[in-house]
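Q: okay, sequence plus prediction incoming.
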Amino acid sequence: MIIEFLCWNPAYPYVAGMWADEYEADGFGKDQFVVMDGEGMKFVIDAQEKGITFDNGAGCRVLLEKGNKITIDNG
């Protein structure tokens, strides 16, 4: 991870990017924060949809949606 600081102030860190030999930046859109392992597993925070998705990449997914709704898909 590449961490930077707002106005060079160490009290305000933020993630500026990722650095890895095999990392490919895909599978996300505007207003999303995505963490992936490169083999299908991912964690997505979607600010526009007000949702959080946990996906293990092997057919199991949990979605926390706007409106207090939780969806679990276990294949």
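A: Structure received.
Q: what about the most centrally placed residue in the chain, which helix or strand?
A: Nearest residue to the geometric centre of the chain (C-alpha atoms, centre = their mean): V34, 2.1 Å. Element membership for V34 (DSSP states H and E) is strand 32-36.
Q: go ahead and produce PDB holding the CA coordinates of that strand.
A: Once non-C-alpha atoms are left out, strand 32-36 reads as follows in PDB (Å, rounded to 0.1, in the frame of the first residue of the first chain):
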ATOM      1  CA  GLN A  32     -15.800   2.300  -4.500                       C
ATOM      2  CA  PHE A  33     -12.900   1.100  -2.200                       C
ATOM      3  CA  VAL A  34     -11.800  -2.400  -3.200                       C
ATOM      4  CA  VAL A  35      -9.300  -4.700  -1.600                       C
ATOM      5  CA  MET A  36      -8.500  -7.900  -3.600                       C
END
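Q: just checking: what are the partner strands of it?
A: The sheet places strand 32-36 alongside strand 42-46 (antiparallel), with pairing taken from DSSP bridges.
Q: may I see the buried residues of the strand it pairs with?
A: Residues K42, V44, D46 are the ones in strand 42-46 that count as buried (16 or more other C-beta atoms under 10 Å). C-beta here means a position set from N, CA and C on the backbone, and glycine is covered the same way.
Q: give the buried residues for the following helix or strand past that strand.
A: Going down the chain from strand 42-46, the next helix or strand is strand 51-55, by DSSP H and E. In terms of neighbour count (16+ other C-beta under 10 Å), strand 51-55 has its buried residues at G51, T53, D55.
Q: give me the buried positions along the next helix-or-strand element following strand 51-55.
A: Next along the chain after strand 51-55, taking DSSP H and E as the criterion, comes strand 61-65. By 16+ other C-beta under 10 Å, the buried positions in strand 61-65 come out as R61, L63.
Q: for strand 61-65, which helices and strands make contact with it?
A: Here strand 61-65 touches strand 51-55, strand 69-73, going by 3 or more C-beta pairs under 8 Å, 6 or more residues apart in numbering; DSSP states H and E.
Q: for stretch 29-38, how far is the first residue from the last?
A: End-to-end distance for stretch 29-38: 17 Å, by C-alpha to C-alpha, to the nearest Å.
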